[in-house]
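Colleague: With the input below, show me the fold.
(one chain, ligands or ions: 2)
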Amino acid sequence: MKAIILVGGEGTRLRPLTYSVVKPMVPVANRPFIEHVIRKLALHGIDDIVLAMGYRPDSIYAYFKDHRDLDVKLTYSLEEKPLGTAGAVKNAGRHIKESVFVLNGDCFSDIDYSEMYRQHKHNQARATIALTEVDDPTRFGVVETDEGGRVLRFIEKPGWEDVTSHWINAGVYVLDPEVLEYIPDDQFYMFENGVFPSMLEKGEPFYAYRSHAYWIDMGTPEQYHRINSDLLLGNCSSPLHVARDIIIGEGCEIHPSAHLTGPVMLAGECRVGAEASIKGPAVLGRGCRIAGGAVIENSLLWDDITVAEGAIIINSIVASGAKIDKRQRLEGQTINHRAPTAK
Ligand code: GDD
Ligand code: MG
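Modeller: Ligands and ions are numbered 1, 2, ... in the order given. Coordinates of the predicted model:
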């Protein structure tokens, strides 16, 4: 079965991390975020995947060119200018003849795609949208349904006064090919305030699939941090990561007096000095050098980070290539030395 994953957009809310890599490629447990999403779809037999891309596609091409062990057919659909969520699907799926999954490429979940698809067919729906329950629906699209699960109303980014439900659009749709007729060619067009309201007006069979499974939109540093911790703690699952106490990559040198408290994950070639302490959940990318006495706690370090003696990094994210000075203290920070500096 086919899926189109929306991976356009600049990822501005994930800055400063997206000054180094595009949003789909930010590392989650040391693998690109989008690879977790793709491999999870494959588990459900969704193995014909189109990445609908509007923004800096080169690093995505380059990565997957070298990862041929993916058991999926992976193709790319490019937009010359951003076409919006629906415009991008029209651009990528002109020749679709069967039901297709469409996913927001920044959402990660344990939603049961197979069950969702079964329900779509059982309801003889034209479109099915997965819903998840959140505390703050104002950042998302609220979806109202009737008791039988038929969608009644869609309110994108409501003010609190318009919040009628905490069930929101989880960014996973099953769409029949006829839905594409609601999308104009080569134009910026959105599902959220274009296609879906029009379908409701027409009385199309549009159903919700409610899921209590783990779900997150990783589009901010805080949420991005959370998905890493949740994977390490086993609160969500990925075919690429088995939650384990301590995972140490090849070629790492850990001083016998260093303290590692799981869940901790070190990629290859890391060095951890005497009396250094790493307390999980923590992920260190390839080639990190942690000097003696340094402390790292509940943090994400990307590749090639140097942490000097006695430095302390707590609840923070550090993008690749940074040097943290002797006894420097980072707490609750997201830093990227590639971010443009204010003059
Ligand atoms: N190809 C392409 N082209 N992709 C796009 C474009 C575009 O022009 N615009 C956005 N996308 C992709 C983004 O990369 C992201 O993966 C997805 O579409 C959704 O865009 P966001 O900008 O992240 O939207 P949001 O998070 O504010 O809201 C959406 O997602 C929520 C769930 O996380 C809406 O669909 C909400 O209704 C929903 O609740
Ligand atoms: Mg989003």
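Colleague: Give me the phi and psi for the residue lying closest to Pro221 once chain neighbours are set aside.
Modeller: Nearest non-adjacent residue to Pro221, counting by CB to CB, 6 or more residues apart in numbering: Thr334, 4.3 Å away. (Glycine included, C-beta is placed from N, CA and C.) Main-chain dihedrals, Thr334, degrees, to the nearest 10: phi -120, psi 110.
Colleague: who touches stretch 63-77?
Modeller: By CB atoms under 8 Å, 6 or more residues apart in numbering, the residues outside stretch 63-77 that reach it are 4, 25, 32, 35, 38-39, 41-42, 46-53, 57, 60-61, 88, 91-92.
Colleague: just those residues that are near ligand 1?
Modeller: Ala52, Met53, Ala88 (CB under 6 Å from any ligand atom).
Colleague: My understanding was that the second one contacts Ser59; is that so?
Modeller: No: counting by CB atoms under 8 Å, Met53 does not reach Ser59; the two are 10.8 Å apart.
Colleague: okay, those two: which has more neighbours?
Modeller: Met53 (23 against 14; other CB atoms under 10 Å).
Colleague: could you check the distance from the residue nearest to that one when sequence neighbours are not counted over to ligand 1?
Modeller: Among residues not flanking Met53 along the chain, Val7 sits closest, at 5.3 Å (CB to CB, 6+ apart). Remark: distance between Val7 and ligand 1 (CB to the nearest ligand atom, to the nearest Å) = 5 Å.
Colleague: wait, what's in contact with Val7?
Modeller: With CB under 8 Å, 6+ apart as the criterion, the residues that contact Val7 are Val22, Lys23, Pro24, Ile34, Leu51, Ala52, Met53, Ile60, Gly105.
Colleague: Provide the partner residues of the residue of the stretch 101-250 of the chain found nearest ligand 1 in its beta bridges.
Modeller: Nearest to ligand 1 in the stretch 101-250 of the chain, going by CB to the nearest ligand atom, is Gly141, at a distance of 2.4 Å. Counting by DSSP bridges, Gly141 forms beta bridges with Glu156.
Colleague: How many residues are close by it?
Modeller: Gly141 has 20 nearby residues by other CB under 10 Å.
Colleague: surely it meets Glu156?
Modeller: Yes: if you go by CB under 8 Å, Gly141 and Glu156 touch, sitting 4.5 Å apart.
Colleague: before we move on, the earlier item: out of the ones next to ligand 1 among the contacts of stretch 63-77, which sit inside helices?
Modeller: If you go by DSSP state H, these have Ala88 in helices.
Colleague: Can I get the ones next to ligand 1 among the contacts of stretch 63-77 in a markdown table including pLDDT?
Modeller: Below are these laid out as a markdown table (pLDDT from 0 to 100):
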| residue | pLDDT |
| --- | --- |
| Ala52 | 94 |
| Met53 | 90 |
| Ala88 | 96 |
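Colleague: List the buried residues for the least confident helix or strand in the chain by mean pLDDT?
Modeller: Taking mean pLDDT, DSSP states H and E as the measure, the helix or strand of the chain with the lowest value is helix 58-65, at a mean of 87. Buried positions in helix 58-65, judged by neighbour count with 16 or more other CB atoms under 10 Å: Ile60, Tyr63, Phe64.
Colleague: Include distance to Glu79 when you put these into JSON lines, please.
Modeller: Formatted as JSON lines, these follow (distance: CB to CB, whole Å):
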{"residue": "Ile60", "distance to Glu79": "14"}
{"residue": "Tyr63", "distance to Glu79": "20"}
{"residue": "Phe64", "distance to Glu79": "18"}
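Colleague: Ligand 1: which of the residues you listed is nearest?
Modeller: Ile60 (11.7 Å).
Colleague: Pull the contacting residues for the closest one.
Modeller: Val7, Val22, Pro24, Met25, Ile34, Leu51, Met53, Tyr76.
Colleague: If we use 10 Å, what do you get?
Modeller: Going by CB atoms under 10 Å, 6 or more residues apart in numbering, Ile60 touches Val7, Val21, Val22, Pro24, Met25, Pro32, Ile34, Leu51, Met53, Leu74, Tyr76.
Colleague: what about it, distance to ligand 2?
Modeller: Per CB to the ion, to the nearest Å, Ile60 is found 17 Å from ligand 2.
Colleague: What's the separation between that residue and Thr75?
Modeller: According to CB to CB, to the nearest Å, Ile60 and Thr75 sit 12 Å apart.
Colleague: same question, Asn30
Modeller: Relative to Thr75, Asn30 is positioned 26 Å away (CB to CB).
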